[in-house]
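Peer 1: Give me a 3D structure for the following:
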Amino acid sequence: KFAVYAEGLLSSGVKQREYVPSREELKKLLFLKDMPASISCYGGWNCKIAVTPTLTARVAVARLLSGMGLNPRHNKYALFEKLDNTYKVIEDRTLISDVLAKFERKPPG
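Peer 2: Alright, predicted model coming up:
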């Protein structure tokens, strides 16, 4: 089962990873499970989302908008990562699993 799952991920056409998978991601991959994540949304909402190794920021935004009943036609929506007191936009093609893996490697403080 794992080999078929891994082959599907490799042939999905998503760009190469920038970071080594996080420990949590590796644990979930071994059991063919998605990794749960919480995204802080405007207005203080916390939205739950299932993260797969191939989930891009573009797809994550589309899922969030759909879940909140928002129409993306008139406005541009994006995900941001907060590093200390700075917010940085996450590019549409960026893998969410890479963002999470990067946070695992960030030293505390």
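
Peer 1: low-confidence ranges in this structure?
Peer 2: Low-confidence segments of the chain (pLDDT under 70): 2, 5-15, 105-109.

Peer 1: Would you map the helices across the chain?
Peer 2: Per DSSP state H, the chain carries helices over the ranges 2-10, 23-30, 57-68, 96-105.

Peer 1: now for these, which one comes closest to N85?
Peer 2: In terms of C-beta to C-beta, the element of the helices of the chain nearest to N85 is helix 96-105, at 15.9 Å. Every C-beta, even on glycine, is put in place using the N, C-alpha and C of the backbone.

Peer 1: Quick one: work out the angle between that closest one and helix 57-68.
Peer 2: If you take axes from the mean of the first three to the mean of the last three C-alpha atoms, to 10 degrees, helix 96-105 sits at 100 degrees to helix 57-68.

Peer 1: Pull the residues that contact stretch 28-35.
Peer 2: Residues outside stretch 28-35 that contact it (C-beta atoms under 8 Å, 6 or more residues apart in numbering): K1, F2, Y5, P21, E24, E25, A50, V51, T52, P53, S97, L100.

Peer 1: out of these, which are buried?
Peer 2: For those, a burial check counting by 16 or more other C-beta atoms under 10 Å picks out P21, E24, E25, V51, T52, P53, S97, L100.

Peer 1: Need the nearest residue in space to the last one, chain neighbours excluded.
Peer 2: To tie it back to what came earlier, the one meant is L100. S22 (5.6 Å; C-beta to C-beta, 6 or more residues apart in numbering).

Peer 1: contacting residues around the residue sitting nearest the centre point of the chain?
Peer 2: In the chain, the residue lying closest to the centroid (C-alpha atoms, centre = their mean) is I96, at 2.3 Å. Taking C-beta under 8 Å, 6+ apart, we find I96 in contact with A37, I49, V51, L55, T56, A57, A60, L79, I90.

Peer 1: Show the contacting residues for M68.
Peer 2: Residues in contact with M68 (C-beta under 8 Å, 6+ apart) are C41, W45, C47.

Peer 1: export the contacts of I96 to a markdown table and tack on distance to M68?
Peer 2: Below are the contacts of I96 laid out as a markdown table (distance: C-beta to C-beta, whole Å):
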| residue | distance to M68 |
| --- | --- |
| A37 | 16 |
| I49 | 12 |
| V51 | 18 |
| L55 | 17 |
| T56 | 19 |
| A57 | 16 |
| A60 | 13 |
| L79 | 14 |
| I90 | 18 |
